[in-house]
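Trainee: here you go, sequence then predicted model.
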Amino acid sequence: MATIKQIAEKAGVSPTTVANVIHGRTARVSPETLEKVRAILDREKYAPNMGAIMLARSSSRIIGVIMFREPRRNETVLEDPFSSKVIGSIEREIREAGYYMMLHATDHEEDVLRLVAKWKLAGLILIWVPGEIAGIIRRSVETPVVFIDCVFDEDGQEYHNVALDDEKGGFELTRYLLSMGHERIAFFADSASWPGTADLRFGGCRRAFAEEGKILGNDRFMVLSKDFGERQETYRKLTVPEPPFTALAFFSDYYAAEAIIYCQEHGIEVPGRVSVTGFDDNIFARLVRPRLTTVYQDAALRGQQAVAMLLALIRGEPLESPSVRSPVTLKVRESVGKAARD
């Protein structure tokens, strides 16, 4: 690979001029020289030293992406197709904008603050951060921050967030279940975090009941274990000869598909004995049989929206709103049938 001195000789300029182009200090570089130097850098496939760039600037070209979630036991957070799709979309958008992505997974706010302190990050994207922790992070870092799927405390701070219409998703799904005669419904989340996305989805379920003059109690909100064996035991209790519920509404397609597979392996008909629904409409929803009734969200679009918002903050560009909310759509498939009469 050519050195800065060699590139300067080929361009007929000083090494300082080449260094200024590499580090983005181009205010005093003529357009003709800038174009010439950049063409030679591209032709020589020059790869700048990121450490030198970070020393020369107040920040790097690195955008930190932190997934704030405890993974299921013996798994990683990226094994869930929804997580992978969001991260894949974010990485592509960051790369195409000329930045680099640093990915980190944690469930401790200290890790976030430590990462920001150690690296001169250009920006930060935080996914699934609880409200109280989001407030601590927002007060503690000066780096531009965008959140995905976070519900915030009312603390007077401005949060830039890419959200989903979770409440509507829960409402539409439950309204459909009620139309199919299901009143004995249980909602299963992967976290008891309040407030949070699971809370919003369950709130939509409760609103659908309320519009029918019915009540969905908090005892119908249940948290699944991170341990596979313990979840299997939960599914067993829910699908005994006299199941306590006629419909099981899961926080994500992952758990819904897992429950359907359990039923298939134990001779329990879905939707004959019990109906099952999910949320996300990822690949599990389309591959499992019967195909899963679920709520569709565009995971890739949400990654794109987060990066676009963050880049605007980095550049100091105005935003129409600090928050965007992506729509949801109910996808009716074969995993829900008419409820059996008591």
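Mentor: On my side now, so go ahead.

Trainee: count the residues that sit near the closest residue to A192 other than its chain neighbours.
Mentor: In space, and not counting its chain neighbours, A192 is closest to V223: 4.8 Å by Cβ to Cβ, 6 or more residues apart in numbering. C-beta here means a position set from N, CA and C on the backbone, and glycine is covered the same way. When neighbours are defined as other Cβ atoms under 10 Å, V223 has 14 of them.

Trainee: quick thing: my sequence starts at 296, can you match it?
Mentor: Shifting the count to begin at 296 puts that one at V518.

Trainee: quick check: phi and psi at V518.
Mentor: phi -110, psi 130 (degrees, to the nearest 10).

Trainee: surely it meets D485?
Mentor: Yes: V518 is in contact with D485 according to Cβ atoms under 8 Å; the separation is 7.2 Å.

Trainee: T624 reaches Y591, doesn't it?
Mentor: Yes: T624 is within contact range of Y591, at 4.4 Å (criterion: Cβ under 8 Å).

Trainee: K521 versus R628, what's the distance?
Mentor: 27 Å (Cβ to Cβ, to the nearest Å).

Trainee: which residues does the residue nearest to A487 bridge with?
Mentor: A484 (DSSP bridges).

Trainee: wait, what's in contact with it?
Mentor: Going by Cβ atoms under 8 Å, 6 or more residues apart in numbering, V518 touches 483-487.

Trainee: go through those and name the one nearest F546.
Mentor: A484 (4.4 Å; Cβ to Cβ).

Trainee: now I609: how far from I357?
Mentor: I609 is 12 Å from I357, by Cβ to Cβ.

Trainee: hmm, I was thinking of A487
Mentor: Using Cβ to Cβ, A487 is found at 34 Å from I357.

Trainee: of the two, who's got more company?
Mentor: Comparing A487 with I357 by other Cβ under 10 Å, the one with more neighbours is I357, at 19 against 11.

Trainee: what score does the residue nearest to A487 have for pLDDT?
Mentor: V518 is assigned 93 on the pLDDT scale.

Trainee: tell me which stretches of the chain form strands.
Mentor: Assigned by DSSP state E, the chain shows strands spanning 357-363, 395-401, 418-422, 440-443, 456-459, 480-484, 516-518, 542-545, 570-572, 589-591, 618-621, 624-626.

Trainee: what about the second one, average pLDDT?
Mentor: The average pLDDT within strand 395-401 is 90.

Trainee: pLDDT weak spots in the stretch 446-595 of the chain?
Mentor: For the stretch 446-595 of the chain, the stretches with pLDDT under 70 are 488-490.

Trainee: apply 90 and report the result again.
Mentor: Under the criterion pLDDT under 90, the flagged ranges of the stretch 446-595 of the chain are 446-453, 485-494, 532-538.

Trainee: in the stretch 496-637 of the chain, which spans are helices?
Mentor: Using DSSP state H, counting those that start in this stretch, the helices found in the stretch 496-637 of the chain span residues 523-533, 548-560, 578-582, 594-610.

Trainee: which stretch among those helices comes nearest Y341?
Mentor: helix 594-610 (23.7 Å).

Trainee: and the closest one, how far out from the chain's middle?
Mentor: 12 Å (Cα atoms, centre = their mean, to the nearest Å).

Trainee: hmm, P622 is touching D460, no?
Mentor: Yes: with contact defined as Cβ under 8 Å, P622 counts as touching D460 (5.9 Å).

Trainee: so how far is M604 from the residue nearest to A487?
Mentor: With Cβ to Cβ as the criterion, V518 and M604 are 31 Å apart.

Trainee: list the contacts of the nearest residue to P376 once chain neighbours are set aside.
Mentor: Excluding its sequence neighbours, the residue lying closest to P376 (Cβ to Cβ, 6+ apart) is N577, at 4.3 Å. By Cβ under 8 Å, 6+ apart, N577 lies in contact with 376-377, 380, 548-549, 594.
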